[in-house]
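Participant: Kindly generate the corresponding structure for this input.
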Amino acid sequence: MDEAVESAARQIVDAGLKVHRALGPGLLESAYEHCLAHELESRRLSVRRQVGLPIVFEDIRLDVGYRLDLLVNDLIVVEVKAVEALSRLHEAQVLTYLKLSGCRLGLLINFNVELFKQGLRRLVF
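Facilitator: Predicted coordinates:
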């Protein structure tokens, strides 16, 4: 990964930790998404929320309902969860978003954990 991606990734992880420390586990996913987006924007990162990802099939763009939670600096996909445990299905979701977006790095963050590091996954496509 180039330095711009790594620098932004460090900022995302640090911002996620700050949000988790402030709010703790137990809230809805949308609350964490809003707070994380706000914190990232306050750090002067570009953040787009609920980005639609179409599939291109036979030169036709088809909207099939894929929406990634956050796209940071048009480089990093961030998928926010508030679930009991992350699964391979969640990881597959992020890998799908990476493939469709053309991004190489995705961060899967589950805020419903006692320790932030337990809910963090880094995925590379």
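
Participant: which one is the spatially most central residue of the chain nearest to, not counting chain neighbours?
Facilitator: Closest to where the C-alpha atoms of the chain average out (CA atoms, centre = their mean) is Val78, at 1.0 Å. Closest residue to Val78 apart from its sequence neighbours, by CB to CB, 6 or more residues apart in numbering: Leu70 at 3.9 Å. Just so you know, the C-beta spots here come from the backbone N, C-alpha and C atoms, and that holds for glycine as well.

Participant: Surely Tyr32 touches Val83?
Facilitator: No. Tyr32 lies out of contact with Val83 (CB atoms under 8 Å); the separation is 11.3 Å.

Participant: Touching, the residue nearest to Val78 and Glu41? I think so.
Facilitator: No. Look at Leu70 against Glu41 with CB under 8 Å: they stay out of range, at 10.5 Å.

Participant: The residue nearest to the centre of the chain: what secondary structure?
Facilitator: strand (DSSP: H, G, I helix; E, B strand; the rest coil).

Participant: Tell me how many other residues crowd Leu36.
Facilitator: Applying other CB atoms under 10 Å, we find 26 residues neighbouring Leu36.

Participant: List the contacts of it.
Facilitator: 12, 15-16, 19, 70, 78, 80, 109 (CB atoms under 8 Å, 6 or more residues apart in numbering).

Participant: Export those residues to a markdown table and append columns for secondary structure, distance to Met1 and pLDDT.
Facilitator: As requested, the contacts of Leu36 are exported to a markdown table (DSSP: H, G, I helix; E, B strand; the rest coil; distance: CB to CB, whole Å; pLDDT from 0 to 100):
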| residue | secondary structure | distance to Met1 | pLDDT |
| --- | --- | --- | --- |
| Ile12 | helix | 13 | 98 |
| Ala15 | helix | 18 | 98 |
| Gly16 | helix | 18 | 98 |
| Val19 | helix | 23 | 98 |
| Leu70 | strand | 18 | 98 |
| Val78 | strand | 15 | 98 |
| Val80 | strand | 21 | 98 |
| Ile109 | strand | 18 | 98 |
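
Participant: can I get the residues you listed in a markdown table with distance to Asp63?
Facilitator: Below are those laid out as a markdown table (distance: CB to CB, whole Å):
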| residue | distance to Asp63 |
| --- | --- |
| Ile12 | 27 |
| Ala15 | 30 |
| Gly16 | 29 |
| Val19 | 30 |
| Leu70 | 19 |
| Val78 | 21 |
| Val80 | 22 |
| Ile109 | 26 |
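
Participant: I am finished for the moment; much appreciated.
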